[in-house]
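Colleague: A predicted structure for the sequence below; I have some questions about it.
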Amino acid sequence: MADYQFSVIIPTPPMTHEDILDATDTLGNAGCLDASIRGHSDGIELLFERTAESLQAAISSAISDVERAGYRVSKVELISKPTGWSMITPCVAEQNGRAAHGMAKTDPTTMGSDSRPSSRTQDFPPRWTSAGR
């Protein structure tokens with residue numbers, strides 16, 4: 001089995017902060033625990049790193065999980081391995097007692113000897129709109 005990286009685009013209307021937290025919970029409960037969620041111009045983007053026998057099996061199971069959560073997939077994009085200094089690392093923060101998933105851009109040249117990212121990370125800004133703000 002191998003790890004495959006790809007993103008899944010889910011079309012949604014603009015979401016409030018509460019809508020995003022609800023979507024994160026719903027997708028996680030449907031089996032998308034190996035994905036990070038972020039905003040996308042079309043709605044939501046899930047960045048998967050899924051272990052499977054083949055790329056086709058990884059993508060098929062991810063789409064099934066998304067559909068089980070009640071969402072529709074509009075597009076799947078392959079993610080190439082990062083080149084240059086940056087790499088993408090998943091990060092989870094707790095907010096209001098709920099897990100909020102995201103991504104951080106990390107400079108591996110500043111990583112400690114234990115291979116953990118140092119404090120030199122750059123958070124990606126959310127790309128969704130918050131109603132009422």
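Modeller: Noted; the coordinates are in hand. Residues are numbered from 1 along each chain as shown.
Colleague: what ranges do the strands span in the chain?
Modeller: Using DSSP state E, the strands of the chain run over residues 2-11, 35-40, 43-52, 75-78, 87-95, 98-106, 121-123.
Colleague: what's next to the first one, contact-wise?
Modeller: Surrounding strand 2-11, the residues in contact under the criterion CB atoms under 8 Å, 6 or more residues apart in numbering are 35, 40, 42-52, 55, 58-59, 62-63, 66, 71-79, 81. (Glycine included, C-beta is placed from N, CA and C.)
Colleague: likewise for the fourth one?
Modeller: Here strand 75-78 makes contact (CB under 8 Å, 6+ apart) with 5-9, 42, 59, 63.
Colleague: for those, give me CSV that also has pLDDT and neighbour count.
Modeller: As requested, the contacts of strand 75-78 are arranged in CSV below (pLDDT from 0 to 100; neighbours: other CB atoms under 10 Å):
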residue, pLDDT, neighbour count
Q5, 95, 16
F6, 96, 18
S7, 96, 18
V8, 96, 24
I9, 96, 18
D42, 92, 13
I59, 96, 19
I63, 97, 15
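Colleague: widest-spaced pair of these?
Modeller: Spanning the widest gap among those are Q5 and D42, at 19.6 Å by CB to CB.
Colleague: closest to D19 among the contacts of strand 75-78?
Modeller: Using CB to CB, D42 is the member of the contacts of strand 75-78 that sits closest to D19, with 15.3 Å.
Colleague: who's H40 bridged to?
Modeller: Judged by DSSP bridges, the bridge partners of H40 are G43.
Colleague: and it, how close does it get to D22?
Modeller: Separation of H40 from D22 (CB to CB, to the nearest Å): 17 Å.
Colleague: between the two, which one's more packed in?
Modeller: Higher neighbour count among H40 and D22: H40, with 19 against 13, using other CB atoms under 10 Å.
Colleague: now that one: how far from D3?
Modeller: Distance from H40 to D3, counting by CB to CB: 22 Å.
Colleague: tell me where the model's unsure across the chain.
Modeller: Along the chain, segments meeting pLDDT under 70 span 81-133.
Colleague: domain ranges for it?
Modeller: Using automatic domain parsing, the domain parsing of the chain gives 2-78, 87-123.
Colleague: that concludes my questions; thank you for your assistance.
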